[in-house]
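S.K.: Sharing a sequence plus its predicted fold:
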Amino acid sequence: MSDTLAGCLQALLLVAALTLSYRPLGDHLARVLTATGHGRVERLVHRAGGVNAAVEQRWPVYLRSVLAFSAVSVLFLYAFLRLQHHLLLSLGRGAVPADLSFNTAASFATNTNWQAYAGESAMGHLVQMAGFTVQNFVSSAVGIAVVATLIRGFTRKQTDQVGNFWVDLTRLVLRVLLPLAFVFALVLAASGVIQNLHGAHDVMTLAGGHQSLTGGPVASQEAIKQLGTNGGGFFNANSAHPFENPTALTNLIETYLMLVIAFALPRTFGAMTGDHRQGYAIVTVMALLWIASLVTVTVNELHGVSSAAGRAAGGMMEGKETRFGIWGSALFAVSTTLTSCGAVNSAHDSYTPGGGGMTLFHMMLGEIAPGGTGSGLYGILILAIVAVFVAGLMVGRTPEYLGKKLRGREMKFASLYLLTTPALALTGAALAMALPGERAAMLNSGPHGFSEVLYALTSAANNNGSAFAGLSANTGWYNTVLGVVMLLGRYLPMVFVVALAGSLAGQRHVPVTAGTLATHRPLFIALLTGVVLIVVGLTYFPALALGPIAEALH
Amino acid sequence: MARTALPTVLRHHLAALRMLLVFTVITGLAYPLLVTGIAQAVLPGQANGSLLTADGRPVASRLLGQNFTLPRARGGRPDPAWFQPRPSAAGYDPGKSGASNLGPNNPALTAAIRARRAAVAAFDGVPPAAVPADAVTAGGSGLDPDISPAYAYEQAGRVARARRLSPARVRALVGRHVQGRQLGFLGQPRVNVVVLNRALAGQGRPVR
């Protein structure tokens, strides 16, 4: 079988699996977010946590719960990392330095999972399990909970209540994330992903040398790391490491896992708003962008003659694993940067300027195709609101989306949302380039070095977590600045989304008339795609021109 | 109001902390330990790293590449009697997994690729153009256990000479170790160097 045919079949199998999951998973999520009763275990969790699950929260209270939970998560993980040498299963690893602990705690609580450390040498098993794995679950659930408030904003009328955060959090973890992670952890373990509590042990190799084989509870972390679009690898090499991703099949499963919830959430949106066509419109935009990106990156990597290293080697295999090849690496790279996952199975830094530049561009799109768990859907819904607004301006009508008027207040929240991430990414990158010490952290020079810095700040601001990993980012400055950027890049948009949800929920429902823009038709799909590309293009084009575009033209 | 504001905030965060602790117990202890228990009971081979043994002792994980070099006393260079893995940014040390992260137009990478091509061609006694891409590039993990079938066949003649085996026999051994795509279309055809070399161990009389 030819490479091309095999590569296309592999992508088609993934698309088929995602298509089959769209309805059942999306409907399940909708049921979870609208159910009225609590399970027995859920009641136990509520009681043990001391939270009131019986009442709905007004949007400021919901938001305060999200922020309090996240603040506590950062502090808890920070303390965990600082004290890990006093705990069980630390494997003799010392306390993590203060700046790195702050960076890592912010990183995992914000669903970014940027890693300025190497897992196999810095972290003990207990931190990986009871610190990182926990945040993989709850940070993902927080994202879905926040998008749930936005959907409720559309579906509810004249109320200021948008749900109960503790109920949403508990249900999402117990009814969605935990069962799926458990099943796929065992599937991955059966395929060779390790799952033990050993430390490293020495073997004498075939050639008579020594090799120290690492251990750890990897499969349980790997499953939720992908499913929750977290992306923080157990090992430094992340999903390129054979113990995290041993075969082409596990590679496809891991790619599926990072996409499946985000691609199913539009169904949830359609189900909860009572109009499945709305979900289909959103998922179509997501899918179009994903497919176009996949084709672009794959073609760039296959035609390695666009780079000096590719010409010298006869193929773009630097930083790519043999078992995945170019097709399996590009598929993963596109999916991990279009979601907020950020796991990597190959070194994006060594991609062609076109392929690597695309991974950067994907994050700049705001991670909406399909995006992170929850964050992808609220990201694209904000852009849909902007698209409806633009269409309204064109015909001179008060714009409405799903029966809710988009007035000054709503548009202010949407605009603030859209401005936050680029402001953080571009200001941060400009600052890093202005400081000689921080500029020196680049591994590669010229436009590619600038891409490394821009990629780091964009990754942090968008809560992606992947890297052009040549950058030496484990410094006091980068740890602190990236940590702050991750926190602001996660929680400021959440504030705007929940506030917007409250504002929408407070409105009455406007009946549909002949003049209402149909937000499920191909015209709207095209409009939304255009808005996505134009908003991002105008925002980031100058920065992209200095990095990947300059390198490609060089 | 001011007097009650602080306790409200504190109460909110205390509830948040209690919820976090509950989830820590469920998802951070119960879940990974349950998966560990099941994996250790049902899938001990995979869960413990897919170890390969030779003469009853573990010599490798079939998933992790390793070095096949001469002892350091004899220069630490690649040993011609073994199939060689790809270049590695980690020196095949599982404690240091990672890629080179060199950019596609970085002169250092181009120079390294040219040097590797010349070295492999000289080592294997083949023309430089016969050296495939995976032989001159480092993988993503620094632990890639696989090489392309092309690179395995390219090395067969040199291994045969070093072990005083017939080239046909070594090529046949490579042929038996070529793994096709999974399910016929997933990933790339490849040869696991560690497994191939274990099958090779003890064959022929290595030239010393």
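M.R.: Thanks, I have it. Numbering: from 1, shown residues only, chains lettered A, B, ... in the order given.
S.K.: Near chain B, which residues of the stretch 301-450 of chain A? Just list them.
M.R.: A:304, A:306-310, A:312-325, A:328-329, A:344-347, A:349-353, A:356, A:443-446, A:448-449 (Cβ under 8 Å from any Cβ of the partner chain). Any C-beta I mention is one placed from the backbone N, CA and C, and that applies to glycine too.
S.K.: Pick out the residue in chain A sitting closest to chain B.
M.R.: residue A:248 (2.5 Å; Cβ to the nearest Cβ).
S.K.: Give me the buried subset of the residues of the stretch 301-450 of chain A next to chain B.
M.R.: A:304, A:306-310, A:312-325, A:328-329, A:344-347, A:349-353, A:356, A:443-444, A:448-449 (16 or more other Cβ atoms under 10 Å in any protein chain shown).
S.K.: Just these: which are in strands?
M.R.: Among these, no member is found in strands (DSSP state E).
S.K.: so where is chain B shaky, pLDDT-wise?
M.R.: For chain B, the stretches with pLDDT under 70 are B:1-6, B:208.
S.K.: Would you mind splitting it into its domains for me?
M.R.: B:2-44, B:50-200 (automatic domain parsing).
S.K.: which of those is buried the deepest?
M.R.: A comparison of the domains of chain B by mean neighbour count, using mean count of other Cβ atoms under 10 Å in any protein chain shown, puts domain B:50-200 on top with a mean of 20.
S.K.: chain center to that one, what's the gap?
M.R.: The chain centroid and the centroid of domain B:50-200 are separated by 10 Å, computed with Cα atoms, centre = their mean, to the nearest Å.
S.K.: for stretch A:208-217, same thing?
M.R.: For stretch A:208-217, the distance to the chain centre is 32 Å (Cα atoms, centre = their mean).
S.K.: how about the strands in the chain?
M.R.: All of this refers to chain A. Assigned by DSSP E, the strands in chain A fall at A:57-58, A:161-163, A:201-204, A:210-213, A:400-401, A:404-405.
S.K.: my bad, chain B
M.R.: Ranges of strands in chain B, per DSSP E, are B:51-54, B:57-61, B:146-147, B:178-179, B:190-192.
S.K.: name the helices or strands packed onto the biggest helix by length in chain B?
M.R.: Once chain B is assigned using DSSP state H, the helix that runs over the most residues is helix B:2-23. Counting by 3 or more Cβ pairs under 8 Å, 6 or more residues apart in numbering or on different chains; DSSP states H and E, the packing neighbours recorded for helix B:2-23 are helix A:40-49, helix A:59-82, helix A:134-155, helix A:165-171.
S.K.: Just say which of the ones you listed is most tucked in.
M.R.: Comparing the helices and strands packed on helix B:2-23 by mean count of other Cβ under 10 Å gives helix A:134-155 as most buried, with a mean of 27.
S.K.: Does at least one residue of that one sit close to chain B?
M.R.: Yes - judged by Cβ under 8 Å from any Cβ, helix A:134-155 comes into contact with chain B at A:134, A:137-138.
S.K.: for the residue of chain B found nearest chain A, what are its contacts?
M.R.: Closest contact between chain B and chain A, by Cβ to the nearest Cβ, is at residue B:187 (2.5 Å). Contact partners of residue B:187, counting by Cβ atoms under 8 Å, 6 or more residues apart in numbering or on different chains, are A:10, A:247-249, A:251, A:323-325, A:328, B:181.
S.K.: quick one: it and residue B:179, what's the gap?
M.R.: 9 Å (Cβ to Cβ, to the nearest Å).
S.K.: likewise residue A:466?
M.R.: On the measure of Cβ to Cβ, residue A:466 and residue B:179 end up 29 Å apart.
S.K.: what do you get for residue A:311?
M.R.: 29 Å.
S.K.: Next: residue A:155.
M.R.: Counting by Cβ to Cβ, the gap from residue A:155 to residue B:179 is 52 Å.
S.K.: again, but for residue A:47
M.R.: Residue A:47 is 53 Å from residue B:179, by Cβ to Cβ.
S.K.: Could you do residue A:158 as well?
M.R.: In terms of Cβ to Cβ, residue A:158 sits 63 Å off from residue B:179.
S.K.: Next: residue B:168.
M.R.: Distance from residue B:168 to residue B:179, counting by Cβ to Cβ: 21 Å.
S.K.: just residue A:469 next, same as before
M.R.: 29 Å.
S.K.: ok so, going back, could you check the angle the longest helix of chain B makes with helix A:134-155?
M.R.: 120 degrees (axes from the mean of the first three to the mean of the last three Cα atoms, to 10 degrees).
S.K.: who touches helix B:2-23?
M.R.: Against helix B:2-23 from outside (Cβ under 8 Å, 6+ apart): A:45, A:48-51, A:64-65, A:68-69, A:71-73, A:76, A:134, A:137-138, A:166, A:169, A:173.
S.K.: how does it look with 10 Å?
M.R.: With contacts defined as Cβ atoms under 10 Å, 6 or more residues apart in numbering or on different chains, helix B:2-23 is touched by A:44-52, A:61, A:64-73, A:75-77, A:109, A:134-135, A:137-138, A:141, A:165-166, A:169-170, A:173-174, A:178, B:1, B:28, B:31.
S.K.: I'd like the C-alpha coordinates of it written as PDB, please.
M.R.: Taking C-alpha atoms only, helix B:2-23 is exported to PDB below (Å, rounded to 0.1, in the frame of the first residue of the first chain):
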ATOM      1  CA  ALA B   2     -17.200  44.600  55.700                       C
ATOM      2  CA  ARG B   3     -17.100  42.400  58.800                       C
ATOM      3  CA  THR B   4     -18.800  39.500  57.000                       C
ATOM      4  CA  ALA B   5     -17.100  39.800  53.600                       C
ATOM      5  CA  LEU B   6     -13.900  38.100  54.600                       C
ATOM      6  CA  PRO B   7     -15.500  35.000  56.100                       C
ATOM      7  CA  THR B   8     -17.600  34.600  53.000                       C
ATOM      8  CA  VAL B   9     -14.600  34.600  50.800                       C
ATOM      9  CA  LEU B  10     -12.800  32.200  53.100                       C
ATOM     10  CA  ARG B  11     -15.800  29.900  53.200                       C
ATOM     11  CA  HIS B  12     -15.900  29.800  49.500                       C
ATOM     12  CA  HIS B  13     -12.300  28.900  49.200                       C
ATOM     13  CA  LEU B  14     -12.600  26.300  52.000                       C
ATOM     14  CA  ALA B  15     -15.400  24.600  50.100                       C
ATOM     15  CA  ALA B  16     -13.200  24.700  47.000                       C
ATOM     16  CA  LEU B  17     -10.300  23.100  48.900                       C
ATOM     17  CA  ARG B  18     -12.500  20.400  50.200                       C
ATOM     18  CA  MET B  19     -13.800  19.600  46.800                       C
ATOM     19  CA  LEU B  20     -10.300  19.500  45.400                       C
ATOM     20  CA  LEU B  21      -9.300  17.100  48.100                       C
ATOM     21  CA  VAL B  22     -12.300  14.900  47.300                       C
ATOM     22  CA  PHE B  23     -11.300  14.800  43.600                       C
END
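S.K.: Could you tell me how far it lies from the centre of the chain?
M.R.: 47 Å.
S.K.: angle of that helix against helix A:40-49?
M.R.: 140 degrees.
S.K.: What I need now is the residues of helix A:134-155 next to chain B written out in CSV, including pLDDT for each item.
M.R.: Shown next, in CSV, are the residues of helix A:134-155 next to chain B (pLDDT from 0 to 100):
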residue, pLDDT
A:134, 98
A:137, 98
A:138, 98
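S.K.: Just to check, residue A:327 is in contact with residue A:12?
M.R.: No - taking contacts as Cβ atoms under 10 Å, residue A:327 lies outside contact range of residue A:12: 11.8 Å.
S.K.: So for the two, which sits in the more crowded spot?
M.R.: residue A:327 (25 against 11; other Cβ atoms under 10 Å in any protein chain shown).
S.K.: Count the residues that sit near residue A:198.
M.R.: 16.
S.K.: Just the pLDDT for the residue nearest to it when sequence neighbours are not counted.
M.R.: Excluding the flanking residues, the one nearest residue A:198 by Cβ to Cβ, 6 or more residues apart in numbering or on different chains is residue A:215, at 3.2 Å. On pLDDT, residue A:215 comes in at 97.
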